[in-house]
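A.B. asks: Have a look at this prediction, sequence included:
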Amino acid sequence: MQVKQLQPVTFQAKRIYVGLMFQVMGRALQAISEVDEITRSETRLLPPGFLFEMQVMPAGPKMIVEHTGDGHLCFHGDHAPRPIDLSIQFKHMAHAFLVLSFQEKTAVAFANDRMLVDGDLGLAIRMTRVLNRLESFILPKLIAERAVKEYPAGLKFPSKLLNAARIYLKVATNLVETERA
């Protein structure tokens with residue numbers, strides 16, 4: 001009987017965690033596009049006004065990020081100003097939790113049919129590379145190696161630490177500014 005009572009609590013905890021991770025990731029994507037030139041070179045190839053969404057189906061947490069031009073991304077929270085160009089959707093909350101708690105790589109989740117891509121597959125791959133770069137910067141190397149397909153060979157500790165600090169500072173600043181508004 002106690003197991004049945006814990007299931008809704010566990011689901012709610014996962015839902016809260018995934019929602020929080022989407023908030024952090026969205027703001028961190030905006031920050032890394034301001035901090036890292038390699039990320040900007042990836043995102044410059046996106047069309048201006050391009051809207052990217054990552055969500056849990058059918059109506060779970062989501063994040064929406066827009067390419068505003070010149071490689072810069074802008075986090076919109078969970079409200080899109082117009083129709084989405086690319087949506088990556090987790091089929092279930094448990095699948096999203098596995099990926100966002102770094103227990104399963106995004107590529108493995110896709111291979112295991114835990115995710116759907118609605119939009120241009122080439123742009124989805126580009127956004128996945130940006131997400132992998134972000135995770136490589138902001139996560140400890142041991143965890144990042146579990147989270148990304150391939151950890152960047154040229155990413156040395158001093159550079160990683162400096163960029164991670166700059167990204168986290170921008171994320172914190174964005175959170176404070178959002179709370180003030």
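C.D. replies: That came in fine, so what should we check first?

A.B. asks: you'd agree residue 19 is up against residue 55?
C.D. replies: No. Counting by Cβ atoms under 8 Å, residue 19 does not reach residue 55; the two are 10.4 Å apart. For every residue, glycine as well, the C-beta is placed using N, CA and C.

A.B. asks: Now do the shared contacts for these two.
C.D. replies: residue 61 (Cβ atoms under 8 Å, 6 or more residues apart in numbering).

A.B. asks: Using CSV, list the CA coordinates for stretch 96-106.
C.D. replies: Extracted as CSV, the C-alpha positions of stretch 96-106 are listed here (Å, rounded to 0.1, in the frame of the first residue of the first chain):
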residue,chain,number,x,y,z
ALA,A,96,13.1,13.3,-19.3
PHE,A,97,14.2,12.7,-15.8
LEU,A,98,16.8,10.1,-16.9
VAL,A,99,18.3,12.5,-19.4
LEU,A,100,18.1,15.7,-17.2
SER,A,101,19.5,13.9,-14.2
PHE,A,102,22.4,12.7,-16.4
GLN,A,103,21.7,9.0,-16.0
GLU,A,104,21.3,8.7,-19.8
LYS,A,105,22.9,10.5,-22.7
THR,A,106,20.6,12.4,-25.1
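
A.B. asks: Can you give me the buried ones in that stretch?
C.D. replies: With burial defined by 16 or more other Cβ atoms under 10 Å, the residues of stretch 96-106 counted as buried are 96-100, 102, 104-106.

A.B. asks: Let's have these in CSV, adding pLDDT.
C.D. replies: Putting these into CSV (pLDDT from 0 to 100) gives the following:
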residue, pLDDT
96, 97
97, 97
98, 96
99, 95
100, 95
102, 92
104, 92
105, 90
106, 88
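
A.B. asks: between those, which is closest to residue 79?
C.D. replies: residue 96 (19.2 Å; Cβ to Cβ).

A.B. asks: hang on, that closest one packs against residue 103?
C.D. replies: No. Between residue 96 and residue 103 there is no contact under Cβ under 8 Å: 11.2 Å.

A.B. asks: Any regions of this structure where pLDDT drops low?
C.D. replies: Judged by pLDDT under 70, the chain has its weakly predicted residues at 1-6, 181.
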